[in-house]
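*Asks:* pasting the sequence and the predicted coordinates here, then a few questions.
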Amino acid sequence: MEIKSLLKQLDYESFSGDENVQITGITNDSRKIVRGDIFVAVKGFTADGHRFINDALKSGASAVMCAYIPEEAKDRGNFIVVKEPRISMAPAASIIYGHPSEKINITGVTGTNGKTSSTYLLKGIYDYIGEKSGIIGTIGVLVDGEKIKVDNTTPEAADLQKYFAKMVERSVTHCFIEVSSHALELNRVDNVSIDVGIFTNLTRDHLDFHKTMENYYQAKKKLFHLTKTNNIINVDDPYGERLYKELKEEGIKAISIAIDNVADIKASNLETTMKGTSFDIDIQGIVKKAHVNTPGKFSVLNSLGAFGAAYALGADIDRIIEALGKIKGVTGRFEMLENNLDCTIILDFAHTPDGLQKVMDTINEFAEGRKIVLFGAGGERDPARRAPMGEVAGKYCDLSILTSDNPRFEDPYEICLEIANGVEKFGGKYEIIIERDKAVYYAIDNSTSKDVILLAGKSTEPYQDMGVEKVPYDEGSIAKKAIIDVERKRGIAR
């Protein structure tokens, strides 16, 4: 595409340079520029992209989209001046990549917890049905067997459109995307054609960014004004109940899901074991038997959301239920790690008070021995959730092992002491072991018969954010190595 073709479809303030130059891509990261890209100079939280315009031009950028042209860059390239580069990036990316989101069915999932599980459940459903699908979210981009790492739960607008285009090229028909509140506030999903939205829940999180729960809620709500086909809302969640009512009042389509409350799609008669949960599912008066292989109410609610989205998109009810019974679970989401230590070791992403409590509620349904939890809390993030997480641990667990979880520039020991205040409130026992790999080993090495050990918070996150750098970290691999080592110490053969 030539620059002039883009300009015909884009709102901009001025252009200087050669409008016949070819453009092939777009990015706001000067380090990722390849020849033919437009560089978008976005003003971020810590750096202003206008500082990197010369670097982008040196790397072969065909043009620069910016709010102003720095004096030292004038006459050195082609410049599209816009009012707000971040906002203009989304429509520009959609145009450059040929409006790919309009060529596939897209389901967006938002909520504090359950986004990743919901997207992977949907992929499992469509794999079973035999339709090609892709995922964009916390664990990365998954398209046609290829996995691509991403920096954010929801990538920047330019990257999103590029991934959609890749899916179109590979004949993917459905994409399931985690939509974060940050993405909705920062215009990352602008110009994305979304068919169905899913609301999982809303609990205290990201208040370092949103400041208030009302702001957080309003950010999430934006997704449901973007959808074309329908919305699936968990009305067991108080914010979901409010959202469902407001959408109905605004004339926006919505299907309610629930276990405890009245809903269009409702689960009842739950029976939970370590091997999963069986339940009755009532779909607007049609009652069926269903089973999911991950135990707990939270798992059933995630499954109802995925069911509702597939149902809204026209999938056969019986085929969806069959698929849910076949899906083995999501890596790092209530994942039970194989071992011969006569205990249960669970890897999970729970990193908020609500998320931790939901997992502990489920563990309570089958635990026979001690309950041990290992977790930390992020540095330079809402500190008010630290003690409440400790309270959950102190209330439910026989032992809490407090450790590092992305301390950034804070002292991890001080963070653990704040969590410990909550543990102590319920008279809980705890150990502080700052080095997380050693904490994981300690938990497994000190296990006894019938213990349930929950490794919470990191899951599949591939790093520890230490402030000055992100250090590679893989909790699943560390735990599996510890299991093997402890088995050998105890003379247990594999």
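*Replies:* Everything's here; your move.

*Asks:* report the contact partners of the nearest residue to residue 43 once chain neighbours are set aside.
*Replies:* In this structure, residue 43 finds its nearest non-sequential neighbour in residue 49, 6.4 Å apart by Cβ to Cβ, 6 or more residues apart in numbering. Just so you know, the C-beta spots here come from the backbone N, C-alpha and C atoms, and that holds for glycine as well. Residues in contact with residue 49 (Cβ atoms under 8 Å, 6 or more residues apart in numbering) are 28, 30, 39, 40, 41, 42, 43, 66, 85.

*Asks:* try 7 Å this time
*Replies:* 28, 40, 41, 42, 43 (Cβ atoms under 7 Å, 6 or more residues apart in numbering).

*Asks:* C-alpha coordinates for stretch 224-243, CSV please?
*Replies:* Extracted in CSV, the C-alpha atoms of stretch 224-243 (Å, rounded to 0.1, in the frame of the first residue of the first chain):
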residue,chain,number,x,y,z
PHE,A,224,-20.0,-4.6,25.4
HIS,A,225,-20.7,-1.5,23.3
LEU,A,226,-18.4,-2.8,20.6
THR,A,227,-20.0,-6.2,20.0
LYS,A,228,-22.1,-7.1,17.0
THR,A,229,-23.9,-10.4,17.8
ASN,A,230,-24.3,-10.8,21.6
ASN,A,231,-22.8,-10.6,25.1
ILE,A,232,-22.5,-13.3,27.8
ILE,A,233,-22.6,-11.9,31.3
ASN,A,234,-22.0,-13.7,34.6
VAL,A,235,-24.8,-12.4,36.8
ASP,A,236,-23.5,-14.3,39.9
ASP,A,237,-21.0,-11.5,40.1
PRO,A,238,-22.5,-8.2,41.5
TYR,A,239,-20.9,-6.1,38.8
GLY,A,240,-22.1,-8.6,36.2
GLU,A,241,-25.6,-8.3,37.5
ARG,A,242,-25.4,-4.6,37.2
LEU,A,243,-23.8,-4.8,33.7
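
*Asks:* so what touches it?
*Replies:* 189, 193-202, 217, 221, 244, 247, 252-261, 263, 301, 305, 308-309, 312-313.

*Asks:* can you tell me which of those are buried?
*Replies:* 189, 193-202, 221, 244, 247, 252, 254-259, 263, 301, 305, 308-309, 312-313 (16 or more other Cβ atoms under 10 Å).

*Asks:* mind listing which of these are in strands?
*Replies:* Secondary structure from DSSP state E places 194, 195, 196, 197, 198, 199, 255, 256, 257, 258 of these in strands.

*Asks:* tabulate those (TSV), appending pLDDT.
*Replies:* Putting those into TSV (pLDDT from 0 to 100) gives the following:
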residue	pLDDT
194	97
195	98
196	98
197	98
198	98
199	97
255	98
256	98
257	98
258	98
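
*Asks:* pull the contacting residues for the residue nearest to the spatial centre of the chain.
*Replies:* Closest residue to the average C-alpha location of the chain: residue 138 at 4.1 Å, with Cα atoms, centre = their mean. Listed by Cβ under 7 Å, 6+ apart, the contact set of residue 138 reads 116, 153, 178.

*Asks:* switch the cut-off to 8 Å
*Replies:* Taking Cβ under 8 Å, 6+ apart, one finds 115, 116, 153, 178, 349, 460, 461 in contact with residue 138.

*Asks:* do you know the pLDDT at residue 209?
*Replies:* Residue 209 carries a pLDDT value of 66.

*Asks:* for the one 3 residues further on, same thing?
*Replies:* In this model, residue 212 is scored at 89, pLDDT.

*Asks:* and if you look at residue 443?
*Replies:* In this model, residue 443 carries a pLDDT of 98.

*Asks:* and residue 236, by the same measure?
*Replies:* What the model reports as pLDDT for residue 236 is 97.

*Asks:* where in the stretch 351-494 of the chain is pLDDT low?
*Replies:* 494 (pLDDT under 70).

*Asks:* now for the helix or strand harbouring residue 431, which elements pack on it?
*Replies:* Take DSSP states H and E as the rule and residue 431 turns out to sit in strand 430-432. Where contact means 3 or more Cβ pairs under 8 Å, 6 or more residues apart in numbering; DSSP states H and E, strand 430-432 is packed against helix 386-396, strand 399-402, helix 412-425.

*Asks:* adding distance to residue 169 and mean neighbour count, write those out as TSV.
*Replies:* Output for those, formatted as TSV (distance: least, Cβ to Cβ, whole Å; neighbours: other Cβ atoms under 10 Å):
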stretch	distance to residue 169	mean neighbour count
helix 386-396	43	24
strand 399-402	46	26
helix 412-425	44	19
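
*Asks:* residue 271 is nearest to which of the ones you listed?
*Replies:* helix 386-396 (21.6 Å; Cβ to Cβ).

*Asks:* what's that closest one packed up against?
*Replies:* Where contact means 3+ Cβ pairs under 8 Å, 6+ apart, helix 386-396 is packed against helix 353-364, strand 371-375, strand 399-402, helix 412-425, strand 430-432.

*Asks:* now do 6 Å
*Replies:* Judged by 3 or more Cβ pairs under 6 Å, 6 or more residues apart in numbering; DSSP states H and E, helix 386-396 is in contact with helix 353-364, helix 412-425.

*Asks:* what's in contact with it?
*Replies:* Identification of contacts with helix 386-396 by Cβ atoms under 6 Å, 6 or more residues apart in numbering yields 353, 356-357, 360, 373, 377, 400, 418-419, 421-423, 425-426, 428.

*Asks:* try it again with 7 Å
*Replies:* Contact with helix 386-396 is made by 353, 356-357, 360, 364, 371, 373, 375, 377, 400, 415, 418-428, as judged by Cβ under 7 Å, 6+ apart.
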